[in-house]
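Asker: mind looking at a prediction? Sequence and model below.
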Amino acid sequence: MNIALQSLNRLREGNARFVNNERTADALDYQSRRDDLIQGQEPFAIILGCSDSRVPAEIVFDQGLGDLFVIRVAGNIVAPSQVASVEFAAEKFGVQLVVVMGHTHCGAISATLEELRLPLKDRSENMHAIVDRIRPSVETLLETDLVNKPDELQTAATRSNIRSCVAHLQHGSKLLEQRTLQEGLVIIGAQYDIETGKVEFFDNSLDTETAS
């Protein structure tokens, strides 16, 4: 079993514990973990997620100090600083799995859809920096029948944004692309369900490769 799949399975198992309200003692043993991490860290996965207060990656995946390298930004957008952060963790710590995790009921997605319907001239430039990153992945959805189905539109926009962010990391960084081709780095998307607590991973290619 390759390292990326092992890491993915750790996330799946941790999320299952979270959903079932079964946190592990290791994840809660802060004192000994702090002592162990004084000299360095060895995270097993990189999570690029949304800043939403309802989606803290360490809790969602039932992991402790030092287990995850987490990058959080509204809308889980991929701007140069996020790319650089992923590059840093992949190169510095040899992490083999990157997960771009969006979530249901995402405010940044809602704000982008609102902006596309009725641009707000008084919105701050900083907010536009987020909306403009999400816009290309969702604006074509407004040309479909989903425009009359708000809930389905929100769902489709969220998933489209996640996939766009994954593609950006896969093909927008020479370093990450090289590590993917030569060193087994895997970049996948996922969606956290605010209501159930369950994380759905979009790409099952790792499982398919193992099965074959």
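Answerer: Perfect, thanks for sending it.
Asker: now do the helices in the chain.
Answerer: 3-19, 25-28, 30-36, 57-60, 80-93, 107-117, 125-138, 150-171, 174-183, 205-211 (DSSP state H).
Asker: may I see those arranged in TSV, with mean neighbour count and mean pLDDT as well?
Answerer: For every residue, glycine as well, the C-beta is placed using N, CA and C. Output for the helices of the chain, formatted as TSV (neighbours: other CB atoms under 10 Å; pLDDT from 0 to 100):
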stretch	mean neighbour count	mean pLDDT
helix 3-19	18	96
helix 25-28	12	66
helix 30-36	11	81
helix 57-60	20	96
helix 80-93	16	97
helix 107-117	18	89
helix 125-138	16	88
helix 150-171	19	96
helix 174-183	14	95
helix 205-211	12	55
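Asker: and residue 99, which of those is closest to it?
Answerer: helix 3-19 (6.9 Å; CB to CB).
Asker: so what does the closest one touch, helix or strand wise?
Answerer: Packing partners of helix 3-19 (3 or more CB pairs under 8 Å, 6 or more residues apart in numbering; DSSP states H and E): strand 45-49, helix 57-60, strand 97-103, strand 186-192, strand 199-201, helix 205-211.
Asker: quick one: work out the angle between the third one and helix 174-183.
Answerer: Angle between the axes of strand 97-103 and helix 174-183 is 120 degrees (criterion: axes from the mean of the first three to the mean of the last three CA atoms, to 10 degrees).
Asker: contacting residues for the residue lying closest to residue 113 once chain neighbours are set aside?
Answerer: Residue nearest to residue 113 in three dimensions, not counting chain neighbours: residue 157, with 6.1 Å by CB to CB, 6 or more residues apart in numbering. Residues near residue 157 by CB atoms under 8 Å, 6 or more residues apart in numbering: 109, 112, 113, 134, 137, 138, 141.
Asker: and the residues you listed as CSV, adding distance to residue 161?
Answerer: Formatted as CSV, these follow (distance: CB to CB, whole Å):
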residue, distance to residue 161
109, 6
112, 8
113, 11
134, 5
137, 5
138, 6
141, 10
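Asker: now the helices of the chain as a markdown table including distance to residue 100?
Answerer: Below are the helices of the chain laid out as a markdown table (distance: least, CB to CB, whole Å):
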| stretch | distance to residue 100 |
| --- | --- |
| helix 3-19 | 13 |
| helix 25-28 | 23 |
| helix 30-36 | 26 |
| helix 57-60 | 11 |
| helix 80-93 | 9 |
| helix 107-117 | 14 |
| helix 125-138 | 12 |
| helix 150-171 | 5 |
| helix 174-183 | 12 |
| helix 205-211 | 15 |
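Asker: quick one: closest of those helices to residue 68.
Answerer: Per CB to CB, nearest to residue 68 of the helices of the chain: helix 57-60, 5.7 Å.
Asker: CA atoms only: put the closest one into PDB for me.
Answerer: Included here for helix 57-60 are C-alpha records, laid out as PDB according to Å, rounded to 0.1, in the frame of the first residue of the first chain:
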ATOM      1  CA  ALA A  57      -9.600  19.800  10.000                       C
ATOM      2  CA  GLU A  58      -7.900  18.300  13.000                       C
ATOM      3  CA  ILE A  59     -11.300  17.700  14.700                       C
ATOM      4  CA  VAL A  60     -13.100  16.600  11.600                       C
END
